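# I'd like to go over a predicted model; first the sequence, then the structure.
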Protein chains: 2
Amino acid sequence: MTDYIPVFEPVFNGNEKKYLNECIDSCWLGANGPFVKKLEKDFAKYCNQKFAATVANGSAALDVTFRALKDLYKWEDFSEIIVPSFNIISGAQSCIYNNLKPVFVDCEDKTWNIDVSKIEEAVTKKTKAILVVHIYGLPSDMEPVIEIAKKYNLKIIEDAAQAHGQTYNGKKCGSFGIASAFSFFSNKHISCGEGGIILSSDEELLNKFNYYKNLCFTSNKFVHNDLGWNYRMSNLQAAVAYAQFENIDKVIAKKQWIGNIYQNLLKDIPCHLSPVKTNYANNHYWVFGIVINKDIKLTAKEAMMKLKNDNIETRPFFFPLHKQPVFKNLGILDNLKRPVSESIYDKGFYIPIGLNLNEDKLLYISQKIHELFR
Amino acid sequence: MTDYIPVFEPVFNGNEKKYLNECIDSCWLGANGPFVKKLEKDFAKYCNQKFAATVANGSAALDVTFRALKDLYKWEDFSEIIVPSFNIISGAQSCIYNNLKPVFVDCEDKTWNIDVSKIEEAVTKKTKAILVVHIYGLPSDMEPVIEIAKKYNLKIIEDAAQAHGQTYNGKKCGSFGIASAFSFFSNKHISCGEGGIILSSDEELLNKFNYYKNLCFTSNKFVHNDLGWNYRMSNLQAAVAYAQFENIDKVIAKKQWIGNIYQNLLKDIPCHLSPVKTNYANNHYWVFGIVINKDIKLTAKEAMMKLKNDNIETRPFFFPLHKQPVFKNLGILDNLKRPVSESIYDKGFYIPIGLNLNEDKLLYISQKIHELFR
């Protein structure tokens, strides 16, 4: 038996300490500190957008994004937003919190990204935007999305929380949205515990991000015309995020090294693995996913339980948003099935991809996964 | 002319760097880290409560508090919460975000805290709780509040964001509420840039805090029965907050030293100053406030502008909540006047109380304030 192998493990071997100590020396820990400014400026540039607003985390990024867009474009209450059904709850929750209606579109069975062939049939007169989520580090297919958005005059919002530094046909993820949201949560390519950022090239939108993330303070201090949130990110968090950002290429290289080893070691199991690449991108492996073939009786839950007994941590796939009890209770669901997201939830899970993994551990994990199918 | 004197200035001369470096060495920056746990345990104990949940900031603390209480006690939508009219917007906003109605009660002209003699007339059959805010570092008069709460079966919630370590008749602020919210914002007695904590002695309530602050995740990962927020506080933030907490007595002593000097230097100006003490507490001077006498023509805005020209930063008093444009637009206001909070907003402001202030600077500030009235 090996030591416990966590599904994620960040490393902090760059300028993290140096920058944190600079925060303390300068007594600047708050939201307008120099690392906040540097991170906003340089991360926007890296993603080929003009502006950025840091926020407290990735969910906060989406809350603020939808509020700002709704305000700027005067979207009516209950306007519809196309959201992939295979995703964490945050994007759909942000719609609800802003009186917008998420409309769920199923995912593809190969990439687990939104099925672009099914977007158009979900568009109605009320549709205002498409939320694109680059699932597990592989970009969504942007060209068809852009075409549909043009045809129906929809905005594109990118949830790039799983795709820092990733590209689609050579263009950075995060560069396609009128607004693009990132997370710097502990398990992300850039990690500072909790943190996030929203990018845009529209200055009016940037100003709205900064307004809504800061309790809608105005120049007339303590007088409020709107309600927002305190979703500010501190200089401390930005200091670590900046140091991590400096190392993004190394992180991606290590994740791809792990991903490629898994591809070799696991090529014979009766499962669909995270794709090596698509026509438009190489996988960055934010996570390495496995979907057990339908003809195998084993469920994801059973596989995960067995691996847990081998000291290997795993995580389930996202629970389909169109099946969430909370949305059922809110009465916003139709009765349509999204069969792909339903079946990959039953059969899918992801395996360790921590940055400290070595070949021995990868061999051990692979051996235990093979044993599931014996 | 002196160098610019900010209204607040934190100091970080304790274990801040040491603890931050420990976070990096342990690779534990996320929300369940050891400093988070230590801070929750020890700060709860310090405030004589059993449990604590860290959160992203003070506003987040109130959002989560109201959601958790509403859930646990099954408060109906539009239940009423008594809220002081002289306060930052956060508490009232948290009511709105939880479909509760804030009912505003005026403040006293001496302490600027809620006027306890006016609470009872604001109680209706729909009232569920009283939000007590210890304004500017001086406790509200808790005994009458407790009596009214008992009489009408109301919960007491403390917003102690301005009163870390303060006591009411020897009992810690934060120990009175069924839930008590604190902020660790940059200008607070305990400061980590952005951060907050909620205390309670009710374990069921603690569990609800942790549920709602963490996107309502359940043991069935990614299945959600409710909507929450990501309001988690990182281990990084907790590391600094913990180091600051270790030094709370020194911070309070320095603030009281500054406050007492101001009391002497400013005793002759035609203003009401932050009280030295009340029957139940000595002032901690989170801020040092000045309210210009009504018979003096000078407004707070004019005084602040003049002091700004002397390189002295000041801040206006809170804008009365019952006059906020956003609440007017939401249609939740009555037409009642709260004359004290209205008049102290016109005539009140606060002056520098940074932890690096020395006697020379205090003399300079005092001299410039005297010049306002010549």
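Here it is on my side, so go on. Residues are numbered from 1 along each chain as shown, chains lettered A, B, ... in the order given.
# For the residue of the stretch 51-200 of chain A found nearest chain B, give me its contacts.
Relative to chain B, the nearest point of the stretch 51-200 of chain A is residue A:193 (3.2 Å; C-beta to the nearest C-beta). Just so you know, the C-beta spots here come from the backbone N, C-alpha and C atoms, and that holds for glycine as well. Residues in contact with residue A:193 (C-beta atoms under 8 Å, 6 or more residues apart in numbering or on different chains) are A:184-186, A:237, A:240, B:29-31, B:33, B:234-237.
# again, 10 Å this time
Applying C-beta atoms under 10 Å, 6 or more residues apart in numbering or on different chains, we find residue A:193 in contact with A:10, A:57, A:184-186, A:236-237, A:240-241, B:23, B:28-31, B:33, B:36, B:232-238.
# In helices only, show me these.
A:236, A:237, A:240, A:241, B:23, B:36, B:235, B:236, B:237, B:238 (DSSP state H).
# quick one: which of those is nearest residue A:47?
Of all the ones in helices among the contacts of residue A:193, residue A:47 sits closest to residue A:241, with 13.8 Å by C-beta to C-beta.
# doesn't residue A:57 make contact with the closest one?
No: Residue A:241 lies out of contact with residue A:57 (C-beta atoms under 10 Å); the separation is 11.4 Å.
# which residues do those two both contact?
With C-beta under 10 Å, 6+ apart, residue A:241 and residue A:57 have common neighbours A:184, A:192, A:193, A:195, A:196, A:197, A:233.
# ok, which pair from those residues is furthest apart?
Once C-beta to C-beta is applied, these give A:193 and A:197 as the farthest pair, at 14.4 Å.
# And the strands in the stretch 101-250 of chain A?
Along the stretch 101-250 of chain A, counting by DSSP state E, counting those that start in this stretch, strands occupy A:101-105, A:127-133, A:155-159, A:167-168, A:171-172, A:179-183, A:196-200.
# Can I get these in TSV including mean neighbour count, distance to chain B and mean pLDDT?
Formatted as TSV, those follow (neighbours: other C-beta atoms under 10 Å in any protein chain shown; distance: least, C-beta to the nearest C-beta, whole Å; pLDDT from 0 to 100):
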stretch	mean neighbour count	distance to chain B	mean pLDDT
strand A:101-105	24	12	98
strand A:127-133	26	14	98
strand A:155-159	26	14	98
strand A:167-168	19	26	98
strand A:171-172	17	25	98
strand A:179-183	30	9	98
strand A:196-200	30	9	98
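# Now render these as CSV, adding distance to residue A:121.
Formatted as CSV, the strands of the stretch 101-250 of chain A follow (distance: least, C-beta to C-beta, whole Å):
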stretch, distance to residue A:121
strand A:101-105, 9
strand A:127-133, 11
strand A:155-159, 18
strand A:167-168, 23
strand A:171-172, 27
strand A:179-183, 25
strand A:196-200, 29
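# Give the full set of residues in contact with residue A:139.
Counted by C-beta under 10 Å, 6+ apart, residue A:139 has contacts A:111, A:113, A:132, A:158, A:160, A:162-163, A:166-169, A:171-173, A:176, A:278, A:280-284.
# Buried only: go through those residues for me.
With neighbours counted by 16 or more other C-beta atoms under 10 Å in any protein chain shown, those contain buried members at A:111, A:113, A:132, A:158, A:160, A:162-163, A:166-168, A:172-173, A:176, A:278, A:280-284.
# And for the residue of the stretch 1-150 of chain A found nearest chain B, the neighbour number?
Here the stretch 1-150 of chain A gets closest to chain B at one residue, residue A:29, 3.3 Å apart by C-beta to the nearest C-beta. Applying other C-beta atoms under 10 Å in any protein chain shown, we find 31 residues neighbouring residue A:29.
# Tell me which residues touch it, please.
By C-beta under 10 Å, 6+ apart, the contact set of residue A:29 is A:20, A:23, A:35, A:234-239, B:10, B:12, B:16, B:184-186, B:191-195, B:236-237, B:240, B:244.
# which non-adjacent residue is nearest it?
residue B:193 (3.3 Å; C-beta to C-beta, 6 or more residues apart in numbering or on different chains).
# Could you check how far the one you found is from residue B:265?
Distance, residue B:193 to residue B:265, by C-beta to C-beta, to the nearest Å: 31 Å.
# same deal with residue A:2?
68 Å.
# these two touch, right, residue A:147 and residue A:130?
No: the pair residue A:147 and residue A:130 does not pass the contact test of C-beta under 10 Å, sitting 11.1 Å apart.
# shared neighbours, the two?
Residues touching both residue A:147 and residue A:130 (C-beta under 10 Å, 6+ apart): A:116, A:119.
# Which one of the ones in helices among the contacts of residue A:193 is nearest to residue A:48?
residue A:241 (18.7 Å).
# Please work out how many residues are found near the closest one.
29.
# Repeat that for residue A:91.
Neighbours of residue A:91 (other C-beta under 10 Å): 27.
# Helix, strand or coil: sort out it for me.
Secondary structure assignment for residue A:91 (DSSP: H, G, I helix; E, B strand; the rest coil): helix.
# how close does it sit to residue A:317?
16 Å.
# Residue A:274 too?
In terms of C-beta to C-beta, residue A:274 sits 11 Å off from residue A:317.
# tell me, what's touching the two both at once?
By C-beta under 10 Å, 6+ apart, residue A:274 and residue A:317 have these common neighbours: A:112, A:135, A:136, A:287, A:289, A:290, A:291, A:350.
# If any of those are buried, give me the PyMOL selection for them.
In PyMOL, a selection of the buried entries from these looks like this (16+ other C-beta under 10 Å):
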select buried, chain A and resi 112+135+136+287+289+290+291+350
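# Show me which pair in the shared contacts of residue A:274 and residue A:317 is furthest apart.
Top of the distance list for the shared contacts of residue A:274 and residue A:317 (C-beta to C-beta): A:135 and A:290, 14.2 Å.
# Up against chain B, what does the stretch 101-250 of chain A have?
A:183-187, A:191-196, A:215-218, A:220-240, A:243-244 (C-beta under 10 Å from any C-beta of the partner chain).
# just the buried members of these?
Using 16+ other C-beta under 10 Å, the buried ones in these are A:183-187, A:191-196, A:215-217, A:222-224, A:227-240, A:243-244.
# contacting residues around the closest residue to residue A:213 other than its chain neighbours?
Excluding its sequence neighbours, the residue lying closest to residue A:213 (C-beta to C-beta, 6+ apart) is residue A:231, at 4.2 Å. By C-beta under 10 Å, 6+ apart, the residues touching residue A:231 are A:31, A:53-57, A:59-61, A:63-64, A:196, A:198, A:209, A:212-215, B:56-57, B:59-60, B:194, B:229-231.
# what does residue A:105 give?
Residue A:105 neighbours (C-beta under 10 Å, 6+ apart): A:82-86, A:114-123, A:130-131, A:321-322, A:336, A:338, A:341.
# Which of these are buried, as a ChimeraX select command?
Buried members of these, defined by 16+ other C-beta under 10 Å, are picked up in ChimeraX with:
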select /A:82,83,84,85,86,114,115,116,118,119,122,123,130,131,321,322,338,341
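# Of the contacts of residue A:105, which belong to helices?
Those of the contacts of residue A:105 lying in helices (DSSP H): residue A:341.
# By proximity to chain B, which residue of the stretch 251-374 of chain A wins?
Residue of the stretch 251-374 of chain A nearest chain B, by C-beta to the nearest C-beta: residue A:319 (4.0 Å).
# which one in chain A is furthest away from the centre?
residue A:220 (36.1 Å; C-alpha atoms, centre = their mean).
# What distance do you get for that one to residue B:169?
Residue A:220 is 38 Å from residue B:169, by C-beta to C-beta.
# Could you do residue A:311 as well?
54 Å.
# centroid residue for chain A?
The residue lying closest to the centre of chain A (C-alpha atoms, centre = their mean) is residue A:161, at 2.7 Å.
# Apart from its neighbours in sequence, what residue is nearest that residue?
residue A:183 (3.8 Å).
# so residue A:9 makes contact with residue A:355?
Yes: the pair residue A:9 / residue A:355 is scored as a contact, 5.7 Å apart, by C-beta under 10 Å.
# hey, what's in contact with both of the two?
Joint contacts of residue A:9 and residue A:355 (C-beta under 10 Å, 6+ apart) are residue B:27.
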